[in-house]
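# how would this look folded up:
(chains A and B)
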Amino acid sequence: MENEKKTVEIRWHGRGGQGAKTACLLLADAAFSSGKHVQGFPEYGPERMGAPITAYNRISDTENLVHSNIYHPDYVVVVDETLLHSVDVTAGLSEDGAIIINSTREPEELRKQLKGYKGKVCAVDAEKISLETLGKNFPNTPMLAATVKVSDVIDNKKFLHDMEGSFRHKFATKPNVIDGNMKALRMSMEQVKVG
Amino acid sequence: MGTNTRLSGNEAVAYAMKQINPDVMGAFPITPSTEIPQYFASYIANGEVDTEFVPVESEHSAMSTCIGASAAGARAITATSSAGLAFMWELLYVAASSRLPIVMAVVNRALTGPININNDHSDSMGCRDTGWIQIYAENNQEVYDNYLQAMPIAEHCRLPVMICQDGFITSHALANIQLLEDEEVRGFVGEYNPEHYLLNPQEPLAVGPYGVSPYYMEIKKAQAEAMKDARERIRQVGKDFGELSGRFYDMIEEYRMEDAEFAVVVIGSSAGTGKAAVNMLRERGVKAGLVKLRVFRPFPREELAAALSGCRAVAVMDKAEGFSGCGGPVFAETRSALYDAETRPLMVNYVYGLGGRDVTTDTFETVFDALQKIAEDGHVGETYRHIGVREE
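Predicted coordinates for the structure are as follows:
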C-alpha cells in the first residue's frame, strides 16, 4: 500500500563509518530548518566498519505518522559505489525519482548496473570534491548537497544558507573547516551529472 | 511559548530530565537507552543540572541506587532497556512495594534470546506485574510529554513509573518536537516534598522491612488500590498537561473510532503506522479505526470496553510473545475487558514486530482485510496469530 505521496522518501546506502547516517540526519536537520516535518533514522543491526548500512528520510509538510522503513523511495543515495554489486539499491525506487551515486563514472554507464531502472541516474564524484575542498575523503557532505539539488526537496539557496549556519555552530572552534565544507556543497551541486 | 525543534527520542528524554533537574540518577549503559544517561551526563558535566550521578556497575545497582535515594526523600531516575531491565527485576518489586515514586525511562528492546538489540515490547511486558505504572509513546513528542507527566503521577500515587518508547524506531530517529520552556516544566512538575522519608529525624521509619503474614496482604491490597486510583491521577495530569501545552493525554487514544466497524488495538510507534493505514482504508470506504493503549498499567479496562464494544471485529496487536499458548498479554487483557460488555466484537490476536521485524502500513492492511473476513464469516477461526513471519 502506497503512502500518501506528498511525503518525499529517501533511502541511503553506505558502509559503516562513511557518514551515510550523518548525512541522513543532516538532511533531516536542513529540511527541518526550511519548515518541513522530518524523520531521519538509520536501520540498526550488528554494525561493523565497512558493512552495508541503510538510513532513511521522510520529509513532508504535515506530520509523518508512519514509523516503518522505506520500501518505495522517491530517491536513493548510494554513498559507496561498490554496493551496486551486493545490494539491490533500486528496489522499490520510483521511476519518477532518481538514484544518486558517488562515482567517477558517467550516469549512462552506471545505468547498466541498475537492473533496467528507468528513472534518472545521477553521478557525482564525491571523493574528488571532498579531497579538493577538505583534504580528506568525507563523501557525505557532497552526497547531501547532490541529493538536495536533484530532489529539490529543500529550496537550494535556503539549504546553503542554513548549512552555513549549522557549520558555523558545529565547527565554532575550527573556522577553517567551514569554508571547505561550504565549497564542497556548492561544487557538488554544480557538478552532479543527471542522466 | 515553547521551542519548535528536532530531537531524537533519546535526546528528548534526556532534555526533559535536564529541564526537571532531579536529585539523583543511577544508571548503567545498555543499547538502545545508553544515549539517555550519556546526554544527561554531559548536562551534569556542563553544570546545567546539579543532579548526583551514580555510575554503577550494573542495572541491579542502578535500581538499588534509585531505591535508596528515593527512600531518603530524593527525586531519583534511571534509564534502561531489555536485559538491563531484566537485571533489575527483583528491585522493581522492591521499588513498587516500598511505594517509591522512581521514574525510569525504558527504551524497549527485545529481551533475549537469541540476543537481539532491536525493538519489541518483551522487556517491559515481562515486568508488567511488578507494580509499576507503564506509559508508552507513539513518537518523540509523546515520549517527551509523557516524561514530563511522570513525576506528577508517580509522586501523587506513590508508585514508580516507566516511560516507554520504541528502541531505535523513536529513540534514534530525528523528528520534529515542541519543547516547553524550562520555567513551564518546573512549574508543571513542581517541587518534590515527600510526606515520609528516611532522612527526616522527626519521623524515624523503616523502608523495606520484612512483611510478616499478618500485614503482608494488607500491604499488597493497599498497593493494588493505589494502582486502581492511579487512573484518575493519570487522566488529571494528562488534562493539566494539555492545558499547558495544547497536547492532551488520556489512558487510551481513539483514532477515527466514532463509527468504526473494524479496529486495531496497538501500543507504541506502530500506532502511527496504523493510523496512516486507517486513513488509506477510510478513503476506500472501509470503516476502520484504531485504539492506542497509552497506559498499560493500570490497565484501561473501562475505556477499552467503551471504545470497542460497538465494533464488528477487533484485532489486538502484541509486540511481545507471551508463551501462554493462546495469545499475547495485551490480547488477554483486552478480551477480558470486553467480557462484561453487553455487545462484544469478534476479537483476534496478532503477535507482530518481534526483535525489530518491520511493521508497515501493509501489515495493518492485511490485518484489516482479515477483520473484514472475520466479520463476514461471523466467527474468528484461529484467534492466536502471528504476522510478518517469513514463510519459505
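
# any idea how far A:Asn140 is from the closest residue to chain A within chain B?
Taking C-beta to the nearest C-beta, chain A has its nearest neighbour within chain B at B:Ala173, 3.6 Å off. All C-beta atoms are positioned from the backbone trio N, CA, C, and that covers glycine. According to C-beta to C-beta, to the nearest Å, B:Ala173 and A:Asn140 sit 18 Å apart.

# Same question for B:Ser245.
Applying C-beta to C-beta to B:Ser245 and A:Asn140 gives a distance of 36 Å.

# related to what we said a few turns ago, just give the nearest non-adjacent residue to the residue of chain B closest to chain A, would you?
In this structure, B:Ala173 finds its nearest non-sequential neighbour in A:Phe41, 3.6 Å apart by C-beta to C-beta, 6 or more residues apart in numbering or on different chains.

# Please apply the same query to A:Ile100.
Among residues not flanking A:Ile100 along the chain, A:Cys122 sits closest, at 4.5 Å (C-beta to C-beta, 6+ apart).

# List the contacts of the one you found.
With contact set as C-beta atoms under 8 Å, 6 or more residues apart in numbering or on different chains, A:Cys122 has these partners: A:98-101, A:107, A:146, A:150, A:192-195.

# Check what pLDDT it gets.
On pLDDT, A:Cys122 comes in at 98.

# go on, the one 5 residues further on?
Note on A:Glu127: pLDDT of 96.

# Find the nearest non-adjacent residue to it, please.
A:Asn137 (5.2 Å).

# any idea how far that neighbour lies from B:Ala173?
Counting by C-beta to C-beta, the gap from A:Asn137 to B:Ala173 is 28 Å.

# And the contacts of the helix or strand where the residue nearest to B:Ala173 lies?
Under the criterion of DSSP states H and E, A:Phe41 resides in strand A:37-42. Residues from elsewhere that reach strand A:37-42, judged by C-beta under 8 Å, 6+ apart: A:20-21, A:24-25, A:27-29, A:31-32, A:53-64, B:6, B:168-169, B:172-176.

# Let me see the contact set for residue 103.
Just so you know, I chose chain A. So A:Ser103 contacts A:81, A:110, A:123-125 (C-beta under 8 Å, 6+ apart).

# Oops, wrong one, chain B.
Residues counted as contacts of B:Val103 (C-beta under 8 Å, 6+ apart) are B:22, B:75-77, B:147, B:150-151, B:154, B:160-161, B:163.

# now swap in B:Leu159 and tell me
By C-beta under 8 Å, 6+ apart, the contact list for B:Leu159 reads B:96, B:99, B:101, B:131-133, B:153, B:223, B:226-227, B:230.

# So for it, what's the pLDDT?
Looking at B:Leu159, its pLDDT reads 98.

# The one 5 residues further on too?
What the model reports as pLDDT for B:Cys164 is 98.

# Report the beta-bridge partner residues of the residue of chain A found nearest chain B.
Across chain A, no residue is closer to chain B than A:Phe41, which sits at 3.6 Å (C-beta to the nearest C-beta). Counting by DSSP bridges, A:Phe41 forms beta bridges with A:Tyr56.

# Look up how far B:Leu346 lies from it.
Counting by C-beta to C-beta, the separation of A:Phe41 from B:Leu346 is 36 Å.

# Please say which of these two ends up with more neighbours.
A:Phe41 (27 against 18; other C-beta atoms under 10 Å in any protein chain shown).

# pLDDT score assigned to that one?
On the pLDDT scale, A:Phe41 gets 96.

# What of A:Glu47?
Taking A:Glu47 on its own, its pLDDT is 66.

# Equivalent analysis for the one 10 residues further on, please.
Model confidence at A:Asn57, given as pLDDT, is 98.

# Now it. Nearest residue, chain neighbours left out?
A:Ile10 (4.2 Å).

# same deal with B:Gly289?
Excluding the flanking residues, the one nearest B:Gly289 by C-beta to C-beta, 6+ apart is B:Ala260, at 2.8 Å.

# circling back: tell me which element the residue nearest to A:Ile100 is part of?
A:Cys122 is part of strand A:120-124, with elements assigned from DSSP H and E.

# I'd like the next helix or strand past that strand.
helix A:126-134.

# buried stuff in that next one?
A:126-130, A:133-134 (16 or more other C-beta atoms under 10 Å in any protein chain shown).

# what packs against it?
helix A:140-151, helix A:175-191 (3 or more C-beta pairs under 8 Å, 6 or more residues apart in numbering or on different chains; DSSP states H and E).

# and B:Ala96, what is it in contact with?
So B:Ala96 contacts B:130-132, B:159-160, B:223 (C-beta under 8 Å, 6+ apart).

# now for the lowest-mean-pLDDT helix or strand in chain A, which elements pack on it?
Least confident helix or strand, chain A: helix A:156-170 with a mean of 90, by mean pLDDT, DSSP states H and E. Helix A:156-170 sits against helix A:20-33, helix A:140-151, helix A:175-191, with contacts defined as 3+ C-beta pairs under 8 Å, 6+ apart.

# Check which helices and strands the last one sits against.
With contacts taken as 3+ C-beta pairs under 8 Å, 6+ apart, helix A:175-191 sits against helix A:126-134, helix A:140-151, helix A:156-170.

# rewinding a little: higher neighbour count, B:Ser245 and A:Asn140?
A:Asn140 (25 against 20).

# For the more buried one, give me its contacts.
When contacts are counted by C-beta under 8 Å, 6+ apart, A:Asn140 is found next to A:14, A:18-20, A:22-23, A:26, A:79, A:126.

# change it to 7 Å
A:18-20, A:22-23, A:79 (C-beta atoms under 7 Å, 6 or more residues apart in numbering or on different chains).

# Then B:Arg297?
B:Arg297 neighbours (C-beta under 7 Å, 6+ apart): B:128, B:132-134, B:227.

# which of these are close to chain A?
Among the contacts of B:Arg297, proximity to chain A is found for none (C-beta under 7 Å from any C-beta of the partner chain).

# Compare these and tell me which is most surrounded.
Highest neighbour count within the contacts of B:Arg297, by other C-beta under 10 Å: B:Ile133, with 26 neighbours.

# nearest residue to that residue other than its sequence neighbours?
Nearest to B:Ile133 is B:Val161, by C-beta to C-beta, 6+ apart, at 4.4 Å.

# ok, now B:Ala96?
B:Gly131 (3.0 Å).

# any low-confidence regions in chain A?
Low-confidence segments of chain A, defined by pLDDT under 70: A:1-5, A:46-47.

# follow-up on the earlier one: next, format the contacts of B:Leu159 as TSV and append secondary structure and pLDDT.
Conversion of these to TSV gives the following (DSSP: H, G, I helix; E, B strand; the rest coil; pLDDT from 0 to 100):
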residue	secondary structure	pLDDT
B:Ala96	helix	98
B:Arg99	coil	97
B:Pro101	coil	98
B:Gly131	coil	98
B:Trp132	coil	98
B:Ile133	strand	98
B:Ile153	helix	98
B:Gln223	helix	98
B:Ala226	helix	98
B:Met227	helix	98
B:Ala230	helix	98
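
# mind listing what residue 92 touches?
You didn't say which chain, so I picked chain A. Counting by C-beta under 7 Å, 6+ apart, A:Gly92 has contacts A:71-73.

# wait, chain B
So B:Leu92 contacts B:63, B:127, B:130, B:132 (C-beta under 7 Å, 6+ apart).

# Next: B:Thr360.
The contact partners of B:Thr360, by C-beta under 7 Å, 6+ apart, come to A:68, B:273.

# pLDDT score assigned to it?
98.

# Can you tell me which residues in chain A are near chain B?
Residues of chain A lying near chain B by C-beta under 7 Å from any C-beta: A:1, A:3, A:25, A:28-29, A:32, A:37-42, A:44, A:65-69.

# can you name the farthest residue from the center of chain A?
A:Thr173 (26.4 Å; C-alpha atoms, centre = their mean).

# Quick check: which element contains it?
Secondary structure from DSSP H and E places A:Thr173 outside every helix and strand.

# B:Val264 in helix, strand or coil?
strand (DSSP: H, G, I helix; E, B strand; the rest coil).
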